[in-house]
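K.L.:
for reference, the sequence and a predicted model appear below.
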Amino acid sequence: MDNLKIKFRHLQTFVEVARQKSVVQASKVLNVSQPAVTKTIREMEEALGVTVFEREGRGLRLTRSGEVFLRHAGTTLASLKRGMDAVSTTRFGDTMPLRIGALPTVASNIMPLAMTLFLAENAGGQVKIVTGENAVLMEQLRLGDLDLVVGRLAAPEKMAGLSFEHLYSEQVVFAVRTGHPLLEAKQSLFETLGHFPILMPTRGSIIRPVVEQFLITHGITDLPVQIETVSDTFGRAFVQTSDAICIISHGVVAADIAHGLLATLPIDTAETKGPVGLTLKAEAGVPAPLDILMQTIRQAARDIAGAAGKRD
C-alpha cells in the first residue's frame with residue numbers, strides 16, 4: 001500500500017462515484033471523461049491494495065473496504081474544505097475582529113513584533129488588543145469577550161475550562177533610573193529599599209503575591225512609601241525622573257533597559273520567575289486568523305528570547 005500516491009483528485013473522484021453509484025454520472029458531475037474516472041479509481045485501488053467498488057446491475061456499490069475508506073475520505077474532504085474556506089475568508093478579511101488580552105509586559109515586549117509578523121502574513125481582518133490585570137483578562141476570556149489571553153499562568157483553581165500553552169518564563173525586577181544612588185550602594189539593598197518610594201503592582205495583579213512573598217522572604221515587611229499602579233506608562237516615566245524604585249515584570253521595562261533609560265538593581269529575583277503563555281477556552285475552536293496570530297506570537301517570543309540570550 002502506498003498512501004503517498006493518493007491525491008486530492010483520487011478522494012474527490014472516489015467520493016463522487018460512491019455518491020452517484022455510477023462512473024457515468026460521476027464523470028458528468030466532475031466534468032471529466034468516463035475513462036479518466038475509471039483510471040483514477042483504478043490508481044487509488046492499486047495504491048490502497050484493495051478493491052473499493054464492485055458491480056451491481058448497471059451501477060456500482062462499495063465493497064466493505066470501500067465503505068470503511070469512504071468514512072475517512074469524506075471526513076478528509078470535509079476538513080480540507082473547511083480549511084480552504086477558513087483561509088479564503090481570512091484572506092478576504094470577512095472575519096470578526098480578533099480580541100486579544102495581553103498583560104502590560106506582553107503588550108510592550110511581545111505584541112509589537114507579533115503584530116508586525118502578523119501583518120506581513122497579509123491575513124486580513126482586524127485585531128483588538130486590550131491590556132489589564134490577569135484576573136480581569138481571564139474573566140473576559142471566560143465570558144467570551146476575548147478570544148485569547150497572553151499572560152502569566154493563572155492559579156490552578158482559575159484554569160478550569162481553559163488551556164495554557166507555555167511560551168517563556170519571566171521574573172520581576174527592581175527597576176530604577178540610570179544613576180540611581182542604590183546602583184552604587186555598598187550596604188545591603190534590602191536594608192535601604194524603604195528609604196525610597198516603591199512602585200508596587202496592585203493587589204489584584206497576578207504578580208502581587210509573588211512580589212509580597214519575595215519581600216517577606218528577605219525580611220521586608222514594611223515599605224513606608226508605596227504607590228500601587230498597573231500603568232506601565234506612569235511607572236516608567238516616574239522612575240526615570242525620580243529616585244523611585246519600580247518592582248515590575250522584566251518585559252515591561254526591557255526596552256528601556258536596553259536603551260539605557262533604566263537599570264535594574266543587582267537583586268537576584270530568580271525565585272519570582274513564572275510561566276507566560278497563551279490561554280484559550282479549552283473547547284473553543286481556533287479560526288484561521290487566530291491560528292496565524294498565535295503562530296506569530298510564538299515566533300516573536302522565540303525571537304525576543306533569542307536576542308536576549310545573545311545580549312547575556
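P.N.:
That came through, no problem. Residues are numbered from 1 along each chain as shown.
K.L.:
and the next element down the chain from the lowest-mean-pLDDT helix or strand in the chain?
P.N.:
When the helices and strands of the chain are scored by mean pLDDT, DSSP states H and E, helix 64-92 comes last with a mean of 74. Sequence order places strand 98-102 as the next helix or strand after helix 64-92, per DSSP states H and E.
K.L.:
where does the stretch 201-312 of the chain dip in pLDDT?
P.N.:
307-312 (pLDDT under 70).
K.L.:
quick one, strands of it?
P.N.:
226-228, 245-249, 262-264, 274-281 (DSSP state E, counting those that start in this stretch).
K.L.:
do the same with the stretch 1-150 of the chain
P.N.:
For the stretch 1-150 of the chain, the strands defined by DSSP E, counting those that start in this stretch occupy 53-56, 59-62, 98-102, 127-131, 148-152.
K.L.:
can you give the strand pairings for the first one, parallel or anti for each?
P.N.:
Paired with strand 53-56 in the same sheet, following DSSP bridges, are strand 59-62 (antiparallel).
K.L.:
avg pLDDT for the strand it pairs with?
P.N.:
Averaging pLDDT along strand 59-62 yields 90.
K.L.:
could you do stretch 135-149 as well?
P.N.:
Rounded mean pLDDT across stretch 135-149 is 87.
K.L.:
alpha carbons of that stretch, as CSV, please.
P.N.:
Backbone C-alpha positions of stretch 135-149 (Å, rounded to 0.1, in the frame of the first residue of the first chain) are rendered in CSV as follows:
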residue,chain,number,x,y,z
ALA,A,135,-7.7,38.2,36.6
VAL,A,136,-9.7,40.7,34.6
LEU,A,137,-8.5,39.4,31.3
MET,A,138,-9.2,35.8,32.3
GLU,A,139,-12.8,36.7,33.3
GLN,A,140,-13.3,38.4,29.9
LEU,A,141,-12.0,35.2,28.2
ARG,A,142,-14.5,33.1,30.1
LEU,A,143,-17.3,35.4,29.2
GLY,A,144,-16.4,35.3,25.5
ASP,A,145,-15.3,38.9,25.4
LEU,A,146,-11.8,37.8,24.5
ASP,A,147,-10.5,35.1,22.1
LEU,A,148,-7.1,34.8,23.6
VAL,A,149,-5.1,36.0,26.6
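K.L.:
I'd say Pro224 and Gly194 touch.
P.N.:
Yes. Pro224 is within contact range of Gly194, at 5.8 Å (criterion: CB atoms under 8 Å). Just so you know, the C-beta spots here come from the backbone N, C-alpha and C atoms, and that holds for glycine as well.
K.L.:
so what's Asn109 closest to, chain neighbours aside?
P.N.:
The shortest distance from Asn109 to any non-neighbouring residue, by CB to CB, 6 or more residues apart in numbering, is to Gly251 (3.6 Å).
K.L.:
tell me which of the strands of the stretch 1-150 of the chain is the most buried.
P.N.:
strand 148-152 (a mean of 26; mean count of other CB atoms under 10 Å).
K.L.:
ok, Gly194 to Ala270 distance?
P.N.:
Distance, Gly194 to Ala270, using CB to CB, to the nearest Å: 23 Å.
K.L.:
and those two? Which one has more around it.
P.N.:
Gly194 (13 against 7; other CB atoms under 10 Å).
K.L.:
so what's the more buried one up against?
P.N.:
With contact set as CB atoms under 8 Å, 6 or more residues apart in numbering, Gly194 has these partners: Ile220, Asp222, Leu223, Pro224.
K.L.:
got a quick PyMOL command for the buried subset of those residues?
P.N.:
Those of the contacts of Gly194 that count as buried under 16 or more other CB atoms under 10 Å are selected in PyMOL with:
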select buried, resi 223
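K.L.:
rebuild the contacts of Gly194 as TSV, extending it with distance to Gly204.
P.N.:
Conversion of the contacts of Gly194 to TSV gives the following (distance: CB to CB, whole Å):
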residue	distance to Gly204
Ile220	21
Asp222	21
Leu223	18
Pro224	23
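K.L.:
contacting residues for the closest residue in space to Gly260 that isn't next to it in sequence?
P.N.:
The shortest distance from Gly260 to any non-neighbouring residue, by CB to CB, 6+ apart, is to Thr178 (6.2 Å). Thr178 is in contact with Gly260, Leu261, Leu262, Ala263, counting by CB under 8 Å, 6+ apart.
K.L.:
touching, the second one and Gln240? I think so.
P.N.:
Yes. Judged on CB under 8 Å, Leu261 makes contact with Gln240 at a distance of 6.0 Å.
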